[in-house]
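1. return atomic coordinates for the entry below.
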Amino acid sequence: MSFERTFCSSPWYHMRITPAGHFQFCRNQTKTIEKNFKEIANSPTIMDISPIDFFQNTMSGYRKKILDGEVLDECKDCYLQEEHKQVSGRQKQLLKTGVSLDQFEKTLVSSPTFEKFKQSMDNGYTDLLPIDWQIDLGNQCNGRCVYCTPYYSSSLANEFKKIGLIKEVPPKAWTENEEAVDRFVDILKNTPKLCYLHFLGGETVTMPSFKKILKALVKTEVCDNVSIGLTTNLTVWDQEIADLLSQFKEINLGLSVECFTELNDYLRYPSKINEVRATIERWLVHSSENKNSWLISLRVTATCLSILHLDTVYEYAYENNIGVESCNFLTEPKFMRISVLPPEIRKMAINRLSFWIASKEIFKNNEQIVNVRNPSTIKQAVLQDAHSYLNYLENQPDESSELNNLIIYLKKLEISRNNSILDYLPEYEKLFRNTGYDV
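-> Predicted coordinates for the structure are as follows:
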C-alpha cells in the first residue's frame with residue numbers, strides 16, 4: 001500500500017491537550033508550540049473550541065494527509081526512532097488498533113478500525129470520538145531540568161527570565177480555568193469506550209487540577225473501565241493521589257530519572273538522587289500492595305550529558321523487572337542531542353553500553369518487541385532500548401559544532417545555580433575546557 005511507510009492510526013482515536021489548552025493530533029507530534037508560544041497566543045484553545053469538534057473536523061486534514069501517504073514534518077521524531085530501531089510512538093499507537101508494520105496490509109484490513117479508516121478516505125472526517133488522551137495539565141513544576149523548557153516548568157521559566165534567556169513567561173495553564181476543567185471532565189465522563197488517559201505537567205503530582213480530575217473520575221466510577229498514566233519527577237509523594245490511582249483499572253506509572261549517580265542531581269536540578277531512589281522504592285512497594293495492574297517504567301530523556309551513565313538506568317530497571325521508556329530521541333534543544341558528542345566521547349559511551357548489554361544478553365532475539373509494557377518481556381524490552389541508543393551513537397551524523405552553544409548555555413545556568421558540570425561529569429573535563437569552559 002502507498003501509505004505503509006507513514007501510516008499511523010493515532011488520529012482516529014487519540015489527541016493531546018497542551019499545557020496552555022491547545023490541541024495537537026498526537027502525543028508524539030514533534031513539538032513546536034513550546035518554542036513559539038507567543039506566535040500561537042491567539043490560536044483556539046479548549047476555552048474556545050470543543051475537543052470533539054477539533055478531533056472530528058479540524059484533525060481531518062491530518063488524517064487525509066496520512067491516508068495520502070504524505071511524510072508529515074510533525075512525525076519526524078517517530079521516523080528517527082524507527083531509523084535507529086527504537087520502538088516509535090507510531091508503532092505503539094498502531095498496536096492499539098491491531099496494526100503491525102511487519103504484516104501491515106494483512107493487519108490493517110483485519111483492524112477493528114478499518115471501516116473508519118475507509119470512512120476518512122475522501123476528506124479525512126471521522127465520526128469517532130477520542131478515547132485515548134494525553135492531558136498536559138500545565139507547567140507548574142518544582143524542577144529545573146537542564147534539558148527542559150519554560151513551557152513545561154514554571155520554575156525554569158522564572159529562572160530563564162531572571163538570567164535573560166527569555167523575556168516573557170509562557171501563558172497560564174488551561175487548568176487554572178475551573179470552567180474549562182469541569183467541561184473537560186464532563187466530556188470524559190460522557191465518552192463511550194473511553195480507554196486511556198495519560199497526565200503530564202509540569203509535575204503532575206503537585207497540580208491541584210490532577211487531584212480534582214482523579215476525584216471526579218473515581219466518584220462517577222469512570223475509573224473502573226479506564227487505564228490511567230502519569231509521569232512524576234520523584235521529588236514529592238502524595239498518599240491521597242497514590243490511593244486515587246489505585247482505583248483505576250490499570251495504572252501506567254512513569255518515573256523520571258536520567259541516571260543513578262549524582263549526575264542526576266545536576267541534570268534534574270534541584271533533585272537529590274538518594275531521595276529520588278527512595279521515592280521510586282515507595283512507588284514499587286505501593287504498587288505491589290494493590291490488586292490493580294501497575295505497569296511501571298523509568299522515563300529517561302537521554303542527552304549528551306547523561307549518555308555515559310545511561311547504563312545505570314538499564315541496570316536498575318533490569319534488576320527490578322521494570323521498563324525503560326523515552327518518548328523519542330531528544331532533538332531540542334539541539335545542543336543537548338547525543339550526536340553533539342565528538343568521536344572520542346561517543347566511543348566511551350558505546351563501550352559502556354556495549355559492556356552492559358553483553359553482561360545481560362544471554363540470547364539474541366531478532367524480533368522487535370513493540371508492546372514494551374508487556375510484563376513477560378520487560379527485560380528483553382530493556383535490552384532492546386539499550387540497543388537503540390547504541391545504534392544511535394554508532395550511526396547518527398556528527399553535530400559537535402553545537403558544543404560551543406552547549407557550553408554557553410551551561411555556564412549561564414551554573415552562574416545562577418552555583419554548580420559545575422565538571423563536578424558531576426569529570427569524563428568531559430578535557431573536552432569542555434578545550435571548547436571554552438572555564439570554572
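2. and stretch 382-397, what's buried?
-> V382, L383, Q384, D385, A386, H387, S388, Y389, L390, Y392, L393, Q396 (16 or more other CB atoms under 10 Å). In short, each C-beta sits where N, CA and C put it, glycine included.
3. include secondary structure and pLDDT when you put the residues you listed into TSV, please.
-> Formatted as TSV, these follow (DSSP: H, G, I helix; E, B strand; the rest coil; pLDDT from 0 to 100):
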residue	secondary structure	pLDDT
V382	helix	94
L383	helix	93
Q384	helix	92
D385	helix	93
A386	helix	95
H387	helix	94
S388	helix	94
Y389	helix	95
L390	helix	96
Y392	helix	96
L393	helix	97
Q396	coil	96
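4. next one, pLDDT for K38 please.
-> pLDDT, K38: 51.
5. then the one 4 residues further on?
-> The predicted structure scores N42 at 57 on the pLDDT scale.
6. so W133: helix, strand or coil?
-> strand (DSSP: H, G, I helix; E, B strand; the rest coil).
7. okay, now it: neighbour count?
-> Other residues within reach of W133, judged by other CB atoms under 10 Å, total 23.
8. who's it bridged to?
-> Beta-bridge partners of W133, counted by DSSP bridges, are M15, L197.
9. please, where are all the helices along the stretch 1-150 of the chain?
-> 51-53, 60-67, 76-83, 89-95, 104-110, 114-119 (DSSP state H, counting those that start in this stretch).
10. take these and lay them out in CSV including mean neighbour count and distance to I251.
-> Shown next, in CSV, are those (neighbours: other CB atoms under 10 Å; distance: least, CB to CB, whole Å):
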stretch, mean neighbour count, distance to I251
helix 51-53, 15, 24
helix 60-67, 19, 30
helix 76-83, 18, 25
helix 89-95, 20, 17
helix 104-110, 14, 28
helix 114-119, 15, 29
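11. out of those helices, flag the one nearest K219.
-> helix 51-53 (21.3 Å; CB to CB).
12. tell me which of the helices of the stretch 1-150 of the chain sits nearest to R373.
-> It's helix 89-95; of these, that one is closest to R373 (CB to CB) at 8.9 Å.
13. hmm, who's touching that closest one?
-> 7-10, 14, 26-28, 75, 77-78, 81-82, 100-101, 327-328, 370-372 (CB atoms under 8 Å, 6 or more residues apart in numbering).
14. buried sites along the host helix or strand of M348?
-> Element membership of M348 [criterion: DSSP states H and E] is helix 343-360. Across helix 343-360, burial judged by 16+ other CB under 10 Å covers I345, R346, M348, A349, I350, R352, L353, S354, W356, I357.
15. okay if I get the helices of the stretch 1-150 of the chain as CSV plus mean pLDDT?
-> Converted to CSV, the helices of the stretch 1-150 of the chain look like this (pLDDT from 0 to 100):
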stretch, mean pLDDT
helix 51-53, 93
helix 60-67, 94
helix 76-83, 89
helix 89-95, 90
helix 104-110, 94
helix 114-119, 95
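16. now those as TSV including distance to D265?
-> Formatted as TSV, the helices of the stretch 1-150 of the chain follow (distance: least, CB to CB, whole Å):
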stretch	distance to D265
helix 51-53	39
helix 60-67	41
helix 76-83	28
helix 89-95	29
helix 104-110	45
helix 114-119	48
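17. tell me, how many residues neighbour N434?
-> By other CB under 10 Å, the burial measure for N434, its neighbour count, is 10.
18. run the chain-centre distance for the helix holding M348.
-> Put simply, helix 343-360 sits 25 Å off its chain's centre (CA atoms, centre = their mean, to the nearest Å).
19. pull that helix out as PDB, backbone CA atoms only.
-> Provided in PDB are the C-alpha atoms of helix 343-360 (Å, rounded to 0.1, in the frame of the first residue of the first chain):
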ATOM      1  CA  PRO A 343      34.100  10.600  18.300                       C
ATOM      2  CA  GLU A 344      36.200  10.000  21.400                       C
ATOM      3  CA  ILE A 345      33.300  10.500  23.800                       C
ATOM      4  CA  ARG A 346      30.900   8.600  21.600                       C
ATOM      5  CA  LYS A 347      33.400   5.700  21.700                       C
ATOM      6  CA  MET A 348      33.400   5.800  25.500                       C
ATOM      7  CA  ALA A 349      29.600   5.800  25.600                       C
ATOM      8  CA  ILE A 350      29.500   2.900  23.000                       C
ATOM      9  CA  ASN A 351      31.900   0.900  25.100                       C
ATOM     10  CA  ARG A 352      29.900   1.300  28.300                       C
ATOM     11  CA  LEU A 353      26.600   0.500  26.700                       C
ATOM     12  CA  SER A 354      28.100  -2.500  24.900                       C
ATOM     13  CA  PHE A 355      29.600  -3.800  28.100                       C
ATOM     14  CA  TRP A 356      26.300  -3.600  29.900                       C
ATOM     15  CA  ILE A 357      24.400  -5.300  27.100                       C
ATOM     16  CA  ALA A 358      26.900  -8.100  26.900                       C
ATOM     17  CA  SER A 359      26.600  -8.700  30.600                       C
ATOM     18  CA  LYS A 360      22.900  -9.300  30.300                       C
END
